[in-house]
Structures are given as C-alpha cells and as structure tokens.
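Student: sequence plus the predicted model coming up.
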Amino acid sequence: MPHPIMFDDADPLLARVRAVALRFPEAGEVIAHGRPTFRCGKVFAHYGGSVRGGDRRDHSVLVKPDPAEAQALADDPRFFVPAYLGPAGWLGLDLDAAEADWDEIAELLDASYRLVAPARLVRILDA
C-alpha cells in the first residue's frame, strides 16, 4: 500500500525550495513516503516532515547540516529535530514560523548537498 501524498504540488513554499534544490548538479525530485525529496543519488533534502515524537511540519525543509554548524543550528529555536532522520543528524526548519530567509535556506541546501553528493558532483558545483 503506497503512502498517502502529504503535500500540495501548488504550494508556493515547495516551489521555492524546488527552485533552489534543483539547481544543483544532477539534482532530482522523488516522492518518498508521501513527500518530495531532493536527491543527487542520495537524498540531500526533504520537504515536510514531523517533529520527533510530535506534530507534523508540512511546510518545512529537512537538511543534513554542516557538522561545524550543526550544534549552533540545533540551539536555534527555528530548527527542530525531525522524526526518523534526527538520530542521523538531520534538522528541520519550519518555513511557516516567520519570514523565511531564502539565502539561509539556499546555504543549508548547499551544505546538505555537499555532504551527500559524490565528489565529482561537488567538483562540478565548485567549477
């Protein structure tokens, strides 16, 4: 039995996340567990999720942060530990909470991409 779809394809926040995420070399979008995921072979971002042990956050972006910045981001109240992915170091940013800083979101997606992308794709990104 497939997962139910848990997003609206016409969501303007999803459109903005897509616009940033799909700029990376060989990035693609795949629906998994009812939500959009962005991949370059491996997943580097999810759109939507839930708080570990709590509420759904349908308008959020989940990323794997740069290890040097992970603790500072985890201490920022705008971020949350997502269910299932949190133990692997992922964090979520709720895009509904306040005016989203799209430069920051682009930086978070870039860092996450660099952590999971093959070295050849990171070289293309840096070229």
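Tutor: All right, it came through fine.

Student: count residues in the vicinity of residue 104, would you?
Tutor: Using other C-beta atoms under 10 Å, residue 104 has 12 other residues around it. Every residue, glycine included, has its C-beta placed from N, CA and C.

Student: no, scratch that, I was asking about residue 49
Tutor: Other residues within reach of residue 49, judged by other C-beta under 10 Å, total 24.

Student: who does it bridge with?
Tutor: Beta-bridge partners recorded for residue 49 (DSSP bridges): residue 57.

Student: return the residue of this structure that is most distant from the centre.
Tutor: The centre of the chain is farthest from one residue, residue 1, which by C-alpha atoms, centre = their mean lies 25.4 Å away.

Student: residue 78 versus that one, what's the distance?
Tutor: Distance of residue 1 to residue 78, computed by C-beta to C-beta, to the nearest Å: 35 Å.

Student: any regions of this protein where pLDDT drops low?
Tutor: By pLDDT under 70, the weakly predicted segments of the chain are 97-98.

Student: just the helices from it, written as ranges.
Tutor: Counting by DSSP state H, the chain has helices at residues 12-21, 70-75, 102-116, 119-126.

Student: could you export the ones you listed as JSON lines, including distance to residue 62?
Tutor: Formatted as JSON lines, the helices of the chain follow (distance: least, C-beta to C-beta, whole Å):
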{"stretch": "helix 12-21", "distance to residue 62": "10"}
{"stretch": "helix 70-75", "distance to residue 62": "12"}
{"stretch": "helix 102-116", "distance to residue 62": "9"}
{"stretch": "helix 119-126", "distance to residue 62": "20"}
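
Student: looking at the ones you listed, which is nearest to residue 6?
Tutor: With C-beta to C-beta as the criterion, residue 6 lies closest to helix 12-21 of the helices of the chain, at 11.4 Å.

Student: for that closest one, output the C-alpha coordinates as CSV.
Tutor: Output of helix 12-21 as CSV, limited to C-alpha atoms (Å, rounded to 0.1, in the frame of the first residue of the first chain):
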residue,chain,number,x,y,z
PRO,A,12,4.4,28.2,-3.2
LEU,A,13,7.0,27.3,-0.4
LEU,A,14,7.6,24.0,-2.1
ALA,A,15,8.1,25.8,-5.4
ARG,A,16,10.8,28.0,-3.8
VAL,A,17,12.5,25.0,-2.3
ARG,A,18,12.4,23.2,-5.6
ALA,A,19,13.8,26.2,-7.4
VAL,A,20,16.9,26.2,-5.1
ALA,A,21,17.3,22.4,-4.7
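
Student: sounds good, over and out.
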